[in-house]
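Trainee: Give the three-dimensional model of this entry:
(chains A and B)
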Amino acid sequence: MIGLIQRVLVQVIEDQGGEAALDAICEQAGLRERPDFRIDQDYDDNECLALIQATADHFQLSEDDLFRLYADYFIRISRQQFPMFYEMSGSAREFLERQPRIHSTLAASLRDESSRARVRDKFDAWHDGDFIHVLYRSPNRLCGLYEALFYRLLDEFGERGHLSVKACQKRGDEACEFCLDLES
Amino acid sequence: MADSEKALRASINRIADQLCQAVDGNYDFHVNASSDDLDIQKLSVLSNFVLESVRRNLTELEGVRHDLQQRVEDRTRQLDRIIKGANDGVWEWDLASNELTVSERWRTMSGCEHWPGTFDADAWLARMHPEDRGPFRTAVLQHTSGVSERFSAQYRLENGRGGFRWMVARGICDHDPASGEPRLMAGTQSDITEQKFVHSASGLANKDYLRLVLQHRLAPPDGPAPSLIVIRLSNLPLVRENLRSQEEGELGAAIRRRLETCMVPSDLVARLVDGTPAMLVHQTDAQELEQRACTVLQAFDEPVTLSRRSVWLTASIGIVQSHETVGRDADAMLQGAHTLLRHMRQRATGHITFFQRSMHNEHARRLESEQLLRDALAQLWVEPFLQPLVDTVRGTITGFEALCRIRHPETGLVSPGEFIPVAEETGLIHPLSLQLLDQILPLLSDSRMTERYGNAFYISFNLSPVQLQDPHMGEEILERLRHSGVSPERLNIELTETAVMGDANTAIEIMERFATAGFAISLDDFGAGYSSLGLIRSLPLQQVKIDRSLVSSVDTDDEKRAILNMILSLCEQLDLTAVVEGVETETELACLAGMGAQLVQGFLFSRPLPPETLLDQVPPRGLLSAAGS
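Mentor: Okay, the predicted model is just below:
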């Protein structure tokens, strides 16, 4: 997983619980030392998932609550870090359509082609009338995080909309498929 | 400068330096930031993204290029297959530079194997037959100007080996979208020689091709002129009548193969307009030509084997040399070939006959005679001339031989030698005879004739050999006789020996019908050919007319006298009236009278005369004394 995800999570932890919380969570997640996550590197998926789980446990947050919290941080931090991606998009729809390519942008720094391909191929988006269909295929099964990010992004653009799950890996489907209905 | 700023600059330069690798068009590298600074990492990420995008686009472009190349190759292969299948040549004409770019097949089919792939388009036109260049240019102009939707033109193209191929070019013009000016024409060239120049059944080149090649080879005024060897297969019509259609095709192909065995590379074997095979050869010397002809004759020494039978073909050869024809051109050569073939048909020529200019003159005269004859029949220029038959004892006229004459209103009398052979050859002898008969019959009851020559004279009327083979002829003569009311005994039918011997059964049948009807029948020109005494016995004859060749100088020629004596004696014993023709002198008459000849005919008494003149000039009796005076 690209280091940006963990980096944002570290920011969440630090803001919510300080250095002590970060150390505790890292320890609980099995990290030998406090990591300094880079946005141009790939990190072990299981380590990341463990970190997420440990954060939820530490702050006694449900997964949905943590994702909502995380989404808020992510949108703010990513907007600060990559403002052009937001400026290029006049609406949430535009941003969401571009999102798989932005995701690929971050994957470009990975040295290993197979890693790049793995990250690059996680998302796919296409139109179906006014709806946007998004395919998410990751063994990390962070579909809940995508949903939280979707709604936070709508807020960021001052729009409204609805995400319905057409398929979900957690239900045994091969990939998760979301149908995004945007009012704008 | 602060350390942080130095570190930042160093990181930026490291990234920039790495990006310099792209200068050679190599994008397959990865930017490594090695910095903890988030912005440097961002720069690194986006640099890598741009590099990957370039790589990805290049890969995609390479894929597209490969796909396009593959499609072009597939399409090219497909077009190649189509063009190869169609056996067509491909051309592209740059109208601005007048350059023509052609395919290899185009060059091969055009006999220009060694030409470059691109050359001046005028060279294409230069190889076309001069008669085809104008229509070709017109077709180009009509298409480039938009009159015709597609360009199409047929033309004969020199094959570089002294012959021609018949081609059709089809194409389309590309116009400049801005100015509308035609800038490029492209299309195919198909070889349609087979359809245009080859006789499908025999596989031989047809008359058009023969004429074209002849024209071409005769074109240089000082160049060597080719000769034409025509192969007359005299029994071919009869053989064909007895063949199935499939066998006819086999026969045609077999004849072609036989002739091909006699060919040398520069020869052409083709068909004349009547289907007669002909070989165009380069030899001009008579001896060499005769040798070539012998080779062709030898090719027919063996029978032709068809699927179900073998057939022998009777070949004779005619040779036309250019210097003998009237004018140095293809038509004169072909005309010479046809004249020669007719000459060979009509005469018992040898195995090899050379065309001579005199044949052409004869042909021209024959054509003229036929026209005259047809005019004469249509305009009623036919007249009977009468020559008396004189009794050698009484000196009286017993009858007349009617001879056919044509009196042309401008040129006067035409000799029968000029039109009778043509009349026999063309079948016009039949209406000619009937027209003559229609004028003879009234003479038998003409008051002036009867007043002068009595009621008992008869008129001899000649039937040609051709007429004697016509089973309806007898009936038509009888019908006319019945209609005229003249007694049959007063019409004497004269037939020659050769006429009777041609188809003896039909001739005898007709003669017996005449005899039964009451006609007297004379055997004319007896003694002129292979006279058969047996024939005289088997025919229903009343009269034998002894040929003039036995009469001239009979007074001095013992052999002739002996023969005449024998014939006269034979006639007497068989109770036949003998008429001696061609009596011209007193001594001949005296000699013949002494030998017991009953009737004579000849210039001594009278030339053949028109009835009016005859009435004026020839008395009914006293002719012996008149001849003596």
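
Trainee: could I have the strand or helix carrying residue B:478 exported to PDB, CA atoms only?
Mentor: Using DSSP states H and E, residue B:478 sits in helix B:473-484. What follows is helix B:473-484, C-alpha atoms only, in PDB (Å, rounded to 0.1, in the frame of the first residue of the first chain):
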ATOM      1  CA  MET B 473     -33.600 -28.600-113.400                       C
ATOM      2  CA  GLY B 474     -35.400 -31.100-115.700                       C
ATOM      3  CA  GLU B 475     -38.800 -30.300-114.300                       C
ATOM      4  CA  GLU B 476     -38.300 -26.600-114.700                       C
ATOM      5  CA  ILE B 477     -37.300 -27.000-118.400                       C
ATOM      6  CA  LEU B 478     -40.300 -29.300-119.000                       C
ATOM      7  CA  GLU B 479     -42.600 -26.800-117.400                       C
ATOM      8  CA  ARG B 480     -41.400 -24.000-119.600                       C
ATOM      9  CA  LEU B 481     -41.700 -26.100-122.600                       C
ATOM     10  CA  ARG B 482     -45.300 -27.100-121.800                       C
ATOM     11  CA  HIS B 483     -46.100 -23.500-121.200                       C
ATOM     12  CA  SER B 484     -44.700 -22.500-124.600                       C
END
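
Trainee: what's that helix in contact with?
Mentor: Residues outside helix B:473-484 that contact it (C-beta atoms under 8 Å, 6 or more residues apart in numbering or on different chains) are B:430, B:434, B:437-438, B:441-442, B:444-445, B:463, B:467, B:488, B:491, B:493, B:510, B:513-514, B:517. Using the backbone N, CA and C atoms, a C-beta is placed for each residue, glycine as well.

Trainee: Tell me which residues of that helix come out buried.
Mentor: In terms of neighbour count (16 or more other C-beta atoms under 10 Å in any protein chain shown), helix B:473-484 has its buried residues at B:473, B:474, B:477, B:478, B:480, B:481, B:484.

Trainee: Take those and lay them out in TSV including pLDDT.
Mentor: Converted to TSV, the buried residues of helix B:473-484 look like this (pLDDT from 0 to 100):
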residue	pLDDT
B:473	78
B:474	79
B:477	86
B:478	85
B:480	89
B:481	86
B:484	88
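
Trainee: Please enumerate residues in contact with stretch A:1-13?
Mentor: Counting by C-beta under 8 Å, 6+ apart, residues outside stretch A:1-13 touching it are A:21-22, A:25, A:35, A:37-45, A:48, A:51-52, A:55, A:58, A:69-70, A:73-74, A:77-78, A:81, A:106-107, A:110, A:119, A:140.

Trainee: Please pick the buried ones from these.
Mentor: Buried among those by 16+ other C-beta under 10 Å: A:21-22, A:25, A:35, A:37-43, A:48, A:51-52, A:55, A:58, A:69-70, A:73-74, A:77-78, A:81, A:106-107, A:110, A:119, A:140.

Trainee: before we move on, back to that, just give me the closest of the buried residues of helix B:473-484 to chain A.
Mentor: Nearest to chain A out of the buried residues of helix B:473-484 is residue B:473 (C-beta to the nearest C-beta; 102.7 Å).

Trainee: The contacts of helix B:473-484 in strands, which ones?
Mentor: B:491, B:493 (DSSP state E).

Trainee: Which of the contacts of helix B:473-484 fall in helices?
Mentor: B:430, B:434, B:437, B:438, B:441, B:442, B:444, B:467, B:510, B:513, B:514, B:517 (DSSP state H).

Trainee: Just the buried ones from the residues you listed?
Mentor: B:430, B:434, B:437, B:441, B:444, B:467, B:510, B:513, B:514, B:517.

Trainee: Turn these into a markdown table, including pLDDT and distance to chain A.
Mentor: Shown next, in a markdown table, are those (pLDDT from 0 to 100; distance: C-beta to the nearest C-beta, whole Å):
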| residue | pLDDT | distance to chain A |
| --- | --- | --- |
| B:430 | 90 | 99 |
| B:434 | 92 | 103 |
| B:437 | 93 | 108 |
| B:441 | 93 | 112 |
| B:444 | 93 | 118 |
| B:467 | 81 | 103 |
| B:510 | 82 | 106 |
| B:513 | 84 | 109 |
| B:514 | 85 | 112 |
| B:517 | 84 | 113 |
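
Trainee: Just give me the neighbour total for the closest residue to chain B within chain A.
Mentor: Distances between chain A and chain B by C-beta to the nearest C-beta are smallest at residue A:108, namely 3.7 Å. Here the number of neighbours of residue A:108 (other C-beta atoms under 10 Å in any protein chain shown) works out to 24.

Trainee: ok, now residue B:46?
Mentor: 18.

Trainee: quick one: it is in a helix?
Mentor: Yes - counting by DSSP: H, G, I helix; E, B strand; the rest coil, one finds residue B:46 located in a helix.

Trainee: Is it correct that residue B:401 falls within a strand?
Mentor: Yes - the assignment for residue B:401, made by three-state DSSP, places it in a strand.

Trainee: what pLDDT does the closest residue in space to it that isn't next to it in sequence get?
Mentor: Once flanking residues are discounted, residue B:401 sits nearest to residue B:460: 4.3 Å by C-beta to C-beta, 6 or more residues apart in numbering or on different chains. What the model reports for residue B:460 is a pLDDT of 94.
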